[in-house]
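*Asks:* Have a look; sequence and predicted model below, questions after that.
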Amino acid sequence: MSSNAADHAGMTEDAARQILLARLADQPRSRYELAEWLARKNVPDAMAEPLLNRFEELGLIDDAAFAQMWIESRQRTKGLARRALSMELQRKGIDDEICRTALDAIDPETERQGAHRLVQKKLRSLHGVSPQTQQRRLLSMLARKGYPSGMAYDVVRDELQEQ
């Protein structure tokens, strides 16, 4: 890009590169998120695209690795299941194929164990509440976290029986 075009936009390529590096310093991000951030910082598309491409070539932007990391993190910290994770990845601009591949790597048994842990934790705050209300609240919580209704019902039933 010519210096005149960069000066006209008020942005240099080095400044745009620094914006990307700063955004990547605190946590990995998807290409879409970085492109959005550059746009908010008034980096022209003609400058942003080649920079994003170069960062991808260097491995600094990797949507597949980002998707895997995001899934692992959100399962561990929030107990999210496939459906909720899929929606979050879509909001982050992850390609459908990359999203599908990353979600297919989720072990169904690990997901089920996550649902059990969530229900066990929530049950501690539901003492003195009727069994019907407990069941409704637990099923609602699992639904919000993206668990399929069949799995949610089985897990809630098992945990309420153990109680």
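*Replies:* Structure's in. What do you need?
*Asks:* Could you find the closest non-adjacent residue to Trp70?
*Replies:* Leu89 (6.4 Å; Cβ to Cβ, 6 or more residues apart in numbering). Bear in mind the C-beta positions are built from the backbone N, C-alpha and C, glycine included.
*Asks:* roughly how far apart are that neighbour and Ser73?
*Replies:* 12 Å (Cβ to Cβ, to the nearest Å).
*Asks:* These two: which is more packed in?
*Replies:* Higher neighbour count among Leu89 and Ser73: Leu89, with 24 against 13, using other Cβ atoms under 10 Å.
*Asks:* Asp158 is in contact with His116, isn't it?
*Replies:* Yes: counting by Cβ atoms under 8 Å, His116 is a contact partner of Asp158 at 7.5 Å.
*Asks:* Tell me how many other residues surround Lys145.
*Replies:* 20.
*Asks:* Help me confirm that it comes into contact with Gly79.
*Replies:* Yes: the criterion here is Cβ under 8 Å, and Lys145 meets it with Gly79 at 5.7 Å.
*Asks:* Common neighbours of the two, please.
*Replies:* 115, 118 (Cβ atoms under 8 Å, 6 or more residues apart in numbering).
*Asks:* wouldn't the residue nearest to Trp70 be in contact with Gln68 here?
*Replies:* No: applying Cβ under 8 Å, one finds Leu89 not in contact with Gln68, separated by 10.3 Å.
*Asks:* can you list residues touching both of these two?
*Replies:* Ala102.
*Asks:* which SSE is Gln43 in?
*Replies:* One thing to correct before we go on: residue 43 is Val, not Gln. Using DSSP states H and E, Val43 sits within no helix or strand.
*Asks:* Return the residues in contact with it.
*Replies:* 9, 11, 16, 19, 51.
*Asks:* Apply 10 Å and report the result again.
*Replies:* Applying Cβ atoms under 10 Å, 6 or more residues apart in numbering, we find Val43 in contact with 6, 9-13, 15-17, 19-20, 35, 37, 49, 51-52.
*Asks:* ok, back up a step: what about the residue nearest to Trp70, distance to Leu142?
*Replies:* 20 Å.
*Asks:* what do you get for Leu38?
*Replies:* In terms of Cβ to Cβ, Leu38 sits 38 Å off from Leu142.
*Asks:* Please apply the same query to Asp158.
*Replies:* In terms of Cβ to Cβ, Asp158 sits 12 Å off from Leu142.
*Asks:* do Ala25 as well
*Replies:* Distance, Ala25 to Leu142, using Cβ to Cβ: 36 Å.
*Asks:* more neighbours, these two?
*Replies:* The neighbour count for Ala25 versus Leu142, taken as other Cβ under 10 Å, is higher for Leu142 (24 against 7).
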